[in-house]
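**Student:** Give me the fold of what follows.
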Amino acid sequence: MRHNKWLLLVVAIFLGLVLAACSSGSDSTEAEDEEKILNIAERSDIPTMDPIMTEDNVSTQWIDTVYEGLYRQAPGGEIVSGIAKMEETEVSEDGLTYTFHLREDAEWENGDPVTAQDFVYGWQRANNPDNGSFYGNYLMSGKIKHSEEIFAGEMEPEELGVSAQDDHTFVVELETPIAYFDSYVTNANFLPAHQEFVEEQGDDFSLSPDNIMSNGPFTMTEWNTEEGWTVEKNESYWDAENVALDGISVKVIKDADTRLSNYDVGELDRVLLSGSQVSDNQTSPDYHSLTESSIFWLKMNQESVENSEYMQNENFRKALAKAFDKQSYVDVNYGNDSVPVDFFVPANFAEHPETGEDFQTGSDVLSYDVEAAQEYWATAKEELDFDEITLTFLSKDDDVAKNISEFMKTELETNLEGLTIEANNVPWSRQLELMRDKEYDLAVSGWGPDYIDPISFVDLWITDGENNDVGYSSEEYDEIVESVKGELANDPVARFEAMREAEEIALEDAVISPIMQRKTSVLFKGNVKGLDQFNPYGNNYSYKYVDIE
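**Tutor:** Numbering: from 1, shown residues only. Down below sits the predicted model:
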């Protein structure tokens, strides 16, 4: 009987262990099921993951997700500490020297500490003309000490006005005070770089997850060209405990109906809407309309290989600029409450430093007016002696971009006699290349600010500027912008008025034709938090702060 009791005891223990194991396995599965993975779609692939080569919002969004600089942008546009402890930053009385104190617990994903020398190398790399970072030139020249001379080949990259006092003290010297400096340094070109890793990768740096060294909230684990990518929470990140998501899975889906179908069956947690999808879904509890600080415009390339003679004619450009219905453009292509505009610095973006008045007071120089457009067209025909002309219209190859191409073709050909528009729809990365090389006639593109200041828009059209891909040149405009960045730096009121004057000159010259200040219509699941507003500058979202409940 005693043996039977022991046998029963052994069997009971065995069954208990089996049940415990089963229970443990079940809990593990539930834990895995409860992983917080955000599933979303993008309309195009990432053109680059190299911080110094980015020039588009897709690249900068995902670079920001896997890297971190001195400061970062929190929801609502608040600038908060990143690798630098913001509350300890020192600024000289003349505003020309910033001393940043870095946190000692910041690490790269391989466990190496993030040091001041990593920032020195990262900034020098962006400023080295041999590396081809035109955005680094655009952001740094005339601002960071010696940057302009380095890009001109007159000084070495090592002479840039940045230094490491010690492992955790980074010093920046400026050419002139920068009122918006805190938001300025959140840009991707001011990220640190792990020198040993970058040089070890050579030309392969940033081309795949294995060639990327993260120091931010997430690490990239998969990237399949034109298909999608995945990022996972970076456990080496200094603030990992405050990163709610375990990962983000991104699909590249160019077709709007396919994106929405994926959302409807639960494969996506967020989806962008376009056209009729907006009205069909506006009553959904998942629907949101998000205001952007981005302005979209028609670019008219004055250095067009085949049509520069025409594109340089002001009457020709004004005819194009005023010949299409901006409200119809919004209704047909977006179907939402994006706002048609006749300006290129966004409304509700910057205020007069004394009166609080909005930067925009209203301009109708380039407003939609078919009769005026046809008068300009007739004058241009007489001045240039032509009856018919064909222009190429460059755009992306996703469904929205193709609809825009067709809309612009119809509007311009209908209202301007003798004009033929030929569409050239290409992948997003190729469109960027063609615009940069000025190998196009017309294109629609947008610009979102890199920092909280109108100069982020006004600075675009200076002669030979890195982002001036329309070939505009005006000595008067250049002089005003230079004064804004130089002698007026410490006179906020005069500086504000000068930027207004510069915008008016560019509009009078029909540098571009403003179309709309965009609002983005999206659906996202009710349990997803932190996607209900766009950042006022830079990346649309800071995924560090997104959560799934």
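
**Student:** got the domain boundaries for the chain?
**Tutor:** Under automatic domain parsing, the residue ranges defining each domain of the chain are 42-249+525-548, 292-520.

**Student:** Show the contacting residues for the residue positioned nearest the centre of the chain.
**Tutor:** The residue lying closest to the centre of the chain (Cα atoms, centre = their mean) is Asn57, at 2.7 Å. Remark: with contacts taken as Cβ atoms under 8 Å, 6 or more residues apart in numbering, Asn57 is in contact with 448, 539-540. Heads up, the C-betas are built off the backbone N, CA and C, glycines and all.

**Student:** Tell me where the model's unsure across the protein.
**Tutor:** For the chain, applying pLDDT under 70 flags the ranges 1-33.

**Student:** dump the residue contacts of the residue lying closest to Asn467 once chain neighbours are set aside.
**Tutor:** Here the nearest residue to Asn467 in space, its sequence neighbours aside, is Leu460; by Cβ to Cβ, 6 or more residues apart in numbering that works out to 4.9 Å. The contact partners of Leu460, by Cβ under 8 Å, 6+ apart, come to 447, 467-468.

**Student:** where does Leu460 fall, phi/psi-wise?
**Tutor:** phi -70, psi -30 (degrees, to the nearest 10).

**Student:** and if you look at the one 10 residues further on?
**Tutor:** Its backbone dihedrals place Val470 at phi -110, psi 0, with angles given as degrees, to the nearest 10.

**Student:** Is it in contact with Trp297, as I believe?
**Tutor:** No. Contact criterion Cβ atoms under 8 Å: Val470 and Trp297 do not qualify, at 9.5 Å.

**Student:** And the helices in the stretch 101-250 of the chain?
**Tutor:** For the stretch 101-250 of the chain, the helices defined by DSSP state H, counting those that start in this stretch cover 116-127, 134-140, 147-151, 181-184, 195-201.

**Student:** These: which one's closest to Ser308?
**Tutor:** Relative to Ser308, the nearest member of the helices of the stretch 101-250 of the chain by Cβ to Cβ is helix 134-140, separated by 21.3 Å.

**Student:** Give me the contacts around stretch 148-155.
**Tutor:** The list of residues contacting stretch 148-155 from outside it, by Cβ under 8 Å, 6+ apart, reads 127-129, 137, 140-142, 146, 156-157, 159-160, 175.

**Student:** repeat that for 10 Å
**Tutor:** For stretch 148-155, the surrounding residues in contact (Cβ atoms under 10 Å, 6 or more residues apart in numbering) are 124, 127-130, 133-134, 136-138, 140-142, 144, 146-147, 156-161, 175, 466.

**Student:** of the residues you listed, buried ones?
**Tutor:** If you count burial by 16 or more other Cβ atoms under 10 Å, the buried members of the contacts of stretch 148-155 come out as 124, 127-128, 133-134, 136-138, 140-141, 144, 146-147, 157, 160-161, 175, 466.

**Student:** joint contacts of Val470 and Trp297?
**Tutor:** Both Val470 and Trp297 are in contact with 443, 511-512, where contact means Cβ under 10 Å, 6+ apart.

**Student:** Put the buried members of those residues into a ChimeraX selection.
**Tutor:** Written as a ChimeraX command, the selection of buried residues from the shared contacts of Val470 and Trp297, which uses 16+ other Cβ under 10 Å, is:
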select :443,511,512
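
**Student:** so of the shared contacts of Val470 and Trp297, which ones are in strands?
**Tutor:** Secondary structure defined by DSSP state E assigns 443, 512 of these to strands.

**Student:** okay, the shared contacts of Val470 and Trp297 in TSV with distance to Thr186 next?
**Tutor:** Conversion of the shared contacts of Val470 and Trp297 to TSV gives the following (distance: Cβ to Cβ, whole Å):
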residue	distance to Thr186
Ala443	28
Val511	28
Ile512	26
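
**Student:** Please spell out which residues along stretch 533-545 are buried.
**Tutor:** Buried-residue list, stretch 533-545, by 16+ other Cβ under 10 Å: 534-545.

**Student:** Among these, which lie within strands?
**Tutor:** With strands taken from DSSP E, there is no overlap with the buried residues of stretch 533-545.

**Student:** what's the closest of those to Glu35?
**Tutor:** Closest approach to Glu35 among these (Cβ to Cβ): Tyr543, at 15.5 Å.

**Student:** Test my guess that the closest one contacts Gln73.
**Tutor:** No. Using Cβ atoms under 10 Å, Tyr543 makes no contact with Gln73, being 11.4 Å away.

**Student:** what number of residues lie near the spatially closest residue to Val185 that is not a sequence neighbour?
**Tutor:** The shortest distance from Val185 to any residue other than its chain neighbours is 5.0 Å, reached at Leu70 (Cβ to Cβ, 6+ apart). In terms of burial, Leu70 registers 24 neighbours under the definition other Cβ atoms under 10 Å.

**Student:** wait, what's in contact with Leu70?
**Tutor:** Counting by Cβ under 10 Å, 6+ apart, Leu70 makes contact with 79, 81-86, 89, 98, 100, 102, 119, 170, 172, 182, 185-186, 190-192.

**Student:** cool, and Glu196?
**Tutor:** For Glu196, the contacting residues are 112, 121, 213, taking Cβ under 10 Å, 6+ apart as the criterion.

**Student:** Just the buried residues of the residues you listed.
**Tutor:** Neighbour-count burial (16+ other Cβ under 10 Å) applied to the contacts of Glu196 gives 121, 213.

**Student:** possible to save the contacts of Glu196 as JSON lines with distance to Thr361?
**Tutor:** Supplementary listing: these in JSON lines, determined by distance: Cβ to Cβ, whole Å:
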{"residue": "Asp112", "distance to Thr361": "52"}
{"residue": "Tyr121", "distance to Thr361": "45"}
{"residue": "Met213", "distance to Thr361": "47"}
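
**Student:** now, among the contacts of Glu196, which is nearest to Glu42?
**Tutor:** Nearest to Glu42 among those is Met213, at 23.0 Å by Cβ to Cβ.

**Student:** looking at it, that closest one is touching Phe205, isn't it?
**Tutor:** Yes. Applying Cβ under 10 Å as the test, Met213 and Phe205 come out as touching, 8.9 Å apart.

**Student:** Mutual contacts of those two, please.
**Tutor:** Common neighbours of Met213 and Phe205, using Cβ under 10 Å, 6+ apart, are 193, 197-198.

**Student:** tell me which of these is nearest to Ala380?
**Tutor:** Of all these, the one sitting nearest Ala380 is Ala193; the distance, using Cβ to Cβ, is 48.9 Å.

**Student:** shouldn't that closest one be in contact with Val120?
**Tutor:** Yes. In this structure, Ala193 sits in contact with Val120. The criterion is Cβ under 10 Å, and the distance is 9.4 Å.

**Student:** quick one, which of the two is more surrounded?
**Tutor:** The residue with more neighbours, out of Ala193 and Val120, is Ala193; 25 against 21, by other Cβ under 10 Å.

**Student:** nearest residue to that one other than its sequence neighbours?
**Tutor:** Spatial nearest neighbour of Ala193, excluding adjacent residues (Cβ to Cβ, 6+ apart): Gly122 at 3.8 Å.

**Student:** Nice, that's everything, thank you.
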